[in-house]
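>>> let me see the structure of the following:
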Amino acid sequence: MEKQKEFKQGPELQKNRAVKKEEDFAQRALPHANGPEKSLLSSMLQDPSEYVMLAEEKGLTPDHFYHPSHKAIYQVMRELSNDGIAIELVSFTQTLLDRDLLDKVGGPSAVTELYTYSPTAAHFDHHLSIIKDKFTLRNIISTCTESITRSYEDQEEVPALLDEVEQKIFAIREGAETNEAPTVKQDVKKVIEDFEKFMAGGGEPMGIKTGYKRLDEMSNGLKPGEMFIIAARPSMGKTSFVMNLIEYICLDQKLPSMVFSCEMTSAQIVQRLLFARARYAITNLRDGIKPQKDDLKRIKRVAAEIAESKLFIDDTAGISISELRAKARRKKKEEDIQVIAIDYLQLMRSTSKQAQNSREREIAEISAGLKGLAKELGIPIIVLAQLNRGPENRGGTPRMSDLRESGSIEQDADMVGLLFRSAYYADDQEERDEKDGEAEINMAKNRNGPTGSIPLTFIKELMRFETRAFEQDPG
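As a prediction, this is how the structure comes out:
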């Protein structure tokens, strides 16, 4: 009877024990290193022109310091250094006094003690590493403590909670959780660096090139943090077009790439890529036509090229946004992937409770999640999307409002390209023959560039889109 009672109380006992452990941990001081903190500040006070700048270059922020007084002293030193104001003991002490910080850091004697604390800066890098390690440990403790609490409180939202915990742990590993937003000065520096690269490259796109000149001119390349939606009706060639992009990015530019295919298997994706790049009609396999000697050479060469490439394909059907994010984060860490392609958005799902009752809400969560992932990983994400039947009622011409199930896709995307093949909607065979192969992408939205049409040619037997001469409107 006693054992039965103990068994029934098991979960409650476990929770109480976990809470008690949490309280025990709370009574202990968080990991910190007082000596190395003082040593770093001492080196910076003695030679500010050298070591304040070096600390900033190595990513040291005020939050890395455990003691509030050390945090305040470093913050003031960094501000003075950035403003080009000389730092020496007397004027620095006066600055702390003027800012009503001198008493808070321990008075003039504490500043003087710091100045003389380290006789040499020979161990600066080692002490900096120790401080960063302690900061990481504090972040881990904070994240795990919060996760324990959330695990008891949010037991109905397990997938969403798991995704959130993994995101925070990933951020710690990447050193992203410094609790400090970049300054305007840092943003200006980044913009100028990108501009200088653009000028040095003779006007070449600043982002990843796509292999389509007109698209690169309009988009300035696929840039980090951007989401590019390619939308079309079924059978327009969305998958072929996105694989043409991945082929150029991964095989020609040698950039690690990842494809999430919700519709086709990885073997089917590789088959398309292989024969399209080898320029061998895949229909020949179906018709029993044997390849010539030159065809075989090309196919073998391309097969070896693909096998050696950094192309990663995940063909999980109906993958959830949380699972996709987890896999993408791991691949970014392990292989430093530079672009992600997803085929296609409406086949994904969200496991959150709110999404179960509304398809529109579900698509909105997926769309926002993909945009957030692009920003988090700092890479472009190409997403295929399905259009509704609107184009069928207008002779095939697509509009951005035809995006199925949610206007949030249009809102989240940085670029929206509407893929269209006019022959598909021809009234008769003569018109179909005349327009055969004509295709275009209408850039209906381009947050950082112009909109307009990009003419393409679709070679059906090769499943390839190629650049078609751009016809300038005389008007």
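>>> quick check: residue 255 touching residue 336?
No. Here residue 255 does not reach residue 336: they are 9.3 Å apart, not a contact under CB atoms under 8 Å. Every residue, glycine included, has its C-beta placed from N, CA and C.
>>> show me which of these two is the more surrounded one.
residue 255 (20 against 12; other CB atoms under 10 Å).
>>> got a list of what the more buried one touches?
Applying CB atoms under 8 Å, 6 or more residues apart in numbering to residue 255 gives the contacts 208, 249, 310, 338, 339.
>>> if you set the cut-off to 10 Å instead, what comes out?
208-209, 246, 248-249, 309-311, 336-339, 379 (CB atoms under 10 Å, 6 or more residues apart in numbering).
>>> show me which of those is closest to residue 51.
Checking the contacts of residue 255 against residue 51 by CB to CB gives residue 336 as the nearest, at 30.9 Å.
>>> residues in contact with that closest one?
255, 256, 310, 377, 379.
>>> which parts of the stretch 101-250 of the chain are strands?
Assigned by DSSP state E, counting those that start in this stretch, the strands in the stretch 101-250 of the chain fall at 227-232.
>>> which residues of it score low on pLDDT?
Where the stretch 101-250 of the chain drops to pLDDT under 70, the residues are 156, 173-187, 190-191, 194-204.
>>> how about a cut-off of 50?
Per-residue confidence of the stretch 101-250 of the chain (counting by pLDDT under 50) places the weak regions at 176-180.
>>> now the helices for the stretch 301-450 of the chain?
Applying DSSP state H, counting those that start in this stretch to the stretch 301-450 of the chain gives helices spanning 321-335, 359-377, 408-412, 429-435.
>>> how about those helices in JSON lines, adding distance to residue 232, mean neighbour count and mean pLDDT?
Shown next, in JSON lines, are the helices of the stretch 301-450 of the chain (distance: least, CB to CB, whole Å; neighbours: other CB atoms under 10 Å; pLDDT from 0 to 100):
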{"stretch": "helix 321-335", "distance to residue 232": "21", "mean neighbour count": "19", "mean pLDDT": "85"}
{"stretch": "helix 359-377", "distance to residue 232": "17", "mean neighbour count": "20", "mean pLDDT": "87"}
{"stretch": "helix 408-412", "distance to residue 232": "13", "mean neighbour count": "19", "mean pLDDT": "82"}
{"stretch": "helix 429-435", "distance to residue 232": "16", "mean neighbour count": "12", "mean pLDDT": "73"}
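>>> Serialize these to CSV and add fields for distance to residue 159.
Formatted as CSV, the helices of the stretch 301-450 of the chain follow (distance: least, CB to CB, whole Å):
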stretch, distance to residue 159
helix 321-335, 5
helix 359-377, 12
helix 408-412, 20
helix 429-435, 47
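>>> quick one: which of those is nearest residue 165?
Taking these one by one with CB to CB, helix 321-335 is closest: 10.4 Å.
>>> ok, residue 272 to residue 282 distance?
Noted for residue 272: a distance of 7 Å to residue 282, by CB to CB, to the nearest Å.
>>> I'd like the contacts of residue 336 as TSV, with distance to residue 459 appended.
Shown next, in TSV, are the contacts of residue 336 (distance: CB to CB, whole Å):
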residue	distance to residue 459
255	25
256	28
310	27
377	33
379	29
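>>> farthest pair within the residues you listed?
For these, and using CB to CB, no pair is farther apart than 310 and 377, which are 15.5 Å apart.
>>> residue 340: what's it in contact with?
Counting by CB under 10 Å, 6+ apart, residue 340 touches 227, 246, 257-260, 312, 314, 324, 327-328, 331-332, 370, 373-374, 377, 379-383.
>>> roughly how far apart are it and residue 324?
According to CB to CB, residue 340 stands 9 Å off from residue 324.
>>> mutual contacts of those two, please.
258, 260, 314, 370, 373.
>>> now these as TSV including distance to residue 81?
Compiled in TSV, the shared contacts of residue 340 and residue 324 are given as follows (distance: CB to CB, whole Å):
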residue	distance to residue 81
258	41
260	45
314	46
370	40
373	36
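>>> tell me the buried residues in stretch 278-288?
Residues 278, 280, 281 are the ones in stretch 278-288 that count as buried (16 or more other CB atoms under 10 Å).
>>> ok, the first one touching residue 292?
So the one you mean is residue 278. No. Applying CB atoms under 10 Å, one finds residue 278 not in contact with residue 292, separated by 11.9 Å.
>>> joint contacts of residue 272 and residue 282?
Joint contacts of residue 272 and residue 282 (CB under 10 Å, 6+ apart) are 462, 463.
>>> can you tell me the SS state at residue 32?
For residue 32, the secondary-structure state derived from DSSP: H, G, I helix; E, B strand; the rest coil is coil.
>>> which residue sits closest to it in space, ignoring its chain neighbours?
Using CB to CB, 6 or more residues apart in numbering and skipping the chain neighbours, the partner closest in space to residue 32 is residue 66 (3.5 Å).
>>> can you pull the pLDDT of the one you found?
Here, the pLDDT recorded for residue 66 equals 89.
>>> wait, what's in contact with the residue nearest to residue 96 when sequence neighbours are not counted?
Nearest residue to residue 96 in three dimensions, chain neighbours excluded: residue 102, at 4.3 Å (CB to CB, 6+ apart). Residue 102 is in contact with 72, 93, 94, 95, 96, 108, 110, 111, counting by CB under 10 Å, 6+ apart.
>>> only whichever of these are buried, select them in PyMOL.
Listed next is the PyMOL selection for buried residues among those, using 16+ other CB under 10 Å:
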select buried, resi 72+93+95+96+108+110+111
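>>> run through the helices of the stretch 51-200 of the chain in chain order.
68-82, 89-98, 108-117, 124-153, 158-173, 184-200.
>>> which of those helices sits closest to residue 465?
Across these, residue 465 has its closest neighbour in helix 184-200 (26.7 Å, CB to CB).
>>> in the protein, which residue is closest to the centre?
By CA atoms, centre = their mean, the chain has its centre lying nearest to residue 377, at 2.4 Å.
>>> distance of the closest residue to it other than its chain neighbours relative to residue 45?
Take residue 377 and drop its neighbours on the chain: the residue closest to it by CB to CB, 6+ apart is residue 332, 4.9 Å away. Distance, residue 332 to residue 45, using CB to CB: 39 Å.
>>> got phi/psi on the residue nearest to residue 96?
phi -60, psi -50 (degrees, to the nearest 10).
>>> and of the contacts of residue 102, the nearest to residue 234?
Ranked by distance to residue 234 (CB to CB), the contacts of residue 102 are led by residue 72 at 61.6 Å.
>>> quick check: that closest one vs residue 346, distance?
52 Å.
>>> next one: residue 34
Counting by CB to CB - residue 34 and residue 346 are separated by 56 Å.
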